[in-house]
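# Dropping the sequence and predicted coords here.
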Amino acid sequence: MASLRELLSAPRYEVIPAKGTEQAVADWVPAGMTVAITASPVKGLEPTVELAEKLAARGYRVVPHLAARSVASQAHLDEIVTRLKAAGCDDVFVPGGDATHPAGPFDGALPLLERLDEMGRPFGRIGITGYPESHPKIHDDITVQAMWDKRKHATYLVSNVCFDPACLGRWIGRIRGRGVTLPLYVGLAGPAERGRLLKMAAVAGAAESARFITRHPGWILRFWAPGGYSPDRFLDRAAPVITSPAAGVAGLHLFTFNQLQPAEQWRTAALGRTGTDNKPLLAG
C-alpha cells in the first residue's frame, strides 16, 4: 500500500515545450525526476523530441508524448524512435493527439501502439491515457473499451486530471472490474495562478488555448471559482482511494502548466506535512 508520502516523493511532472521550459525544469525539478513532455497538435512533435533530448542530457527521466495523429509517416516514426533511443529515453506516452486531421497513417493511439509492437517494442515502458471524468467527445463506455484494447501494448496507465475524488474512485473501480490491471499514475492538477494560466494560454496561441478550454472546461471553472483549486484538498479526499492496494496506483502525474516553481514548492511543503500514516495534508 502506497502512502501519500511515497506518492509525493517522486511524482511525474508534465510540462509543455515552450521558451524557457528547459531552464525552468533545471531550476526547480530535482535531478533524476521524471518529466513528461506534451505534444502540440499545431507545432507537431519536433518541439517535444527536442526538449526530451535536452532534458535527458541534463539527467532527467523523460517521457515524451508520442501523439499518434502527429506522426507523419513510418520514416518520421523511425526518426523519432532513433533520436529518443540515442538520448537514452526508454519511456513514451502514446495518446491519440488533438490534431484535427492525422498528419499520416495513424488516426489514433491503437494503430501506433500496434506499429511499435511490429518494430520490436523499442521502448521498455509505454503509457496510455484514461478519463475519470467524461471525455467531451467520446462516450465513457468507449474510453474504457479503448483502454481494454490498448492494454496489451502498454505497461502503465495515466489518468487525465480529475477534480472529484468520488468520481476518480468509481472510475478506478470500473476499469479494474473490466480487467484493466495496468499500474496507474493518477493525474493531479498542480497549483496554478490565474495570471500565469492566462500567460500560458497566450504563449500557446489562440487556437490551442481554445482547443484546451473546449476539451477541459472543468479545469477553467475550478481555477476561477471562489477559493480556487487546492491539490491538498483533493489529495486529502482521494487518499483512501489512491492508497488502497486494489487501486493499483503506482504514482502521481502532476500537470504543472509550466508553473514549476509553485509546483515543486507545493510538493516539498506537502511532503513535509505527510507521514507514514497518511495523515491529512490540511490542518483541521
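Structure's in. What do you need? Numbering: from 1, shown residues only.

# any idea how far Arg178 is from Glu133?
According to CB to CB, to the nearest Å, Glu133 and Arg178 sit 17 Å apart. The way it works is simple: take the backbone N, C-alpha and C, and place the C-beta from them, glycine included.

# more crowded one of those two?
Between Glu133 and Arg178, Glu133 has the larger neighbour count (other CB atoms under 10 Å), namely 18 against 13.

# For the more buried one, which non-adjacent residue is spatially closest?
What sits nearest to Glu133 in space, not counting adjacent residues and going by CB to CB, 6 or more residues apart in numbering, is Cys162, at 5.3 Å.

# Which parts of the stretch 1-150 of the chain are helices?
4-9, 21-28, 46-57, 74-86, 109-118, 140-150 (DSSP state H, counting those that start in this stretch).

# which residue sits closest to Thr21, ignoring its sequence neighbours?
Closest residue to Thr21 apart from its sequence neighbours, by CB to CB, 6+ apart: Val15 at 5.4 Å.

# Could you check how many residues crowd around Lys152?
Neighbourhood size, Lys152 [other CB under 10 Å]: 10.

# low pLDDT regions in the stretch 1-150 of the chain?
For the stretch 1-150 of the chain, residues meeting the criterion pLDDT under 70 lie at 1-2, 134-144.

# can you tell me how far Val94 sits from Ala154?
From Val94 across to Ala154, the span is 8 Å (CB to CB).

# Ok, Pro111 next?
With distances taken as CB to CB, Pro111 is found 14 Å from Ala154.

# Between these two, point out the one with more neighbours.
More crowded of Pro111 and Ala154, by other CB under 10 Å: Ala154, with 22 against 15.

# Check that one and give its pLDDT.
For Ala154, the pLDDT comes out at 95.

# Kindly present the helices of the stretch 1-150 of the chain as a markdown table, with separate columns for distance to Phe234.
A markdown table is the format used below for the helices of the stretch 1-150 of the chain (distance: least, CB to CB, whole Å):
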| stretch | distance to Phe234 |
| --- | --- |
| helix 4-9 | 11 |
| helix 21-28 | 21 |
| helix 46-57 | 27 |
| helix 74-86 | 32 |
| helix 109-118 | 27 |
| helix 140-150 | 21 |
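
# Helices of the stretch 151-284 of the chain, residue ranges please.
Taking DSSP H, counting those that start in this stretch to define them, one finds helices in the stretch 151-284 of the chain at 165-178, 194-204, 206-215, 217-224, 231-242, 260-273.

# Least confident of those helices, on average?
Lowest mean pLDDT of the helices of the stretch 151-284 of the chain: helix 206-215, a mean of 48.

# so how far is Leu235 from the residue nearest to Glu133?
Distance, Cys162 to Leu235, by CB to CB: 12 Å.

# Met33 too?
Relative to Leu235, Met33 is positioned 18 Å away (CB to CB).

# out of these two, which sits in the busier spot?
Counted by other CB under 10 Å, Met33 and Leu235 do not tie: Leu235 has more neighbours, with 23 against 15.

# ok, the more buried one touching Arg273?
No. The pair Leu235 / Arg273 is not scored as a contact, 10.6 Å apart, by CB atoms under 8 Å.

# Next up, the contacts around Gln145.
For Gln145, the contact set (CB atoms under 8 Å, 6 or more residues apart in numbering) is empty.

# before we move on, what about the one 10 residues further on?
The neighbours of Thr155, taking CB under 8 Å, 6+ apart as the test, are 124-127, 182-183.

# Gly108 now?
By CB under 8 Å, 6+ apart, the contact set of Gly108 is 68-69, 96.

# Any idea how many residues pack against the closest residue in space to Asp91 that isn't next to it in sequence?
Spatial nearest neighbour of Asp91, chain neighbours left out: Arg125 (3.9 Å); criterion: CB to CB, 6+ apart. If you count neighbours by other CB under 10 Å, Arg125 ends up with 14.

# how close does Arg125 get to Arg170?
According to CB to CB, Arg125 and Arg170 sit 27 Å apart.

# go on, Ala238?
For Ala238, the distance to Arg170 equals 12 Å [CB to CB].
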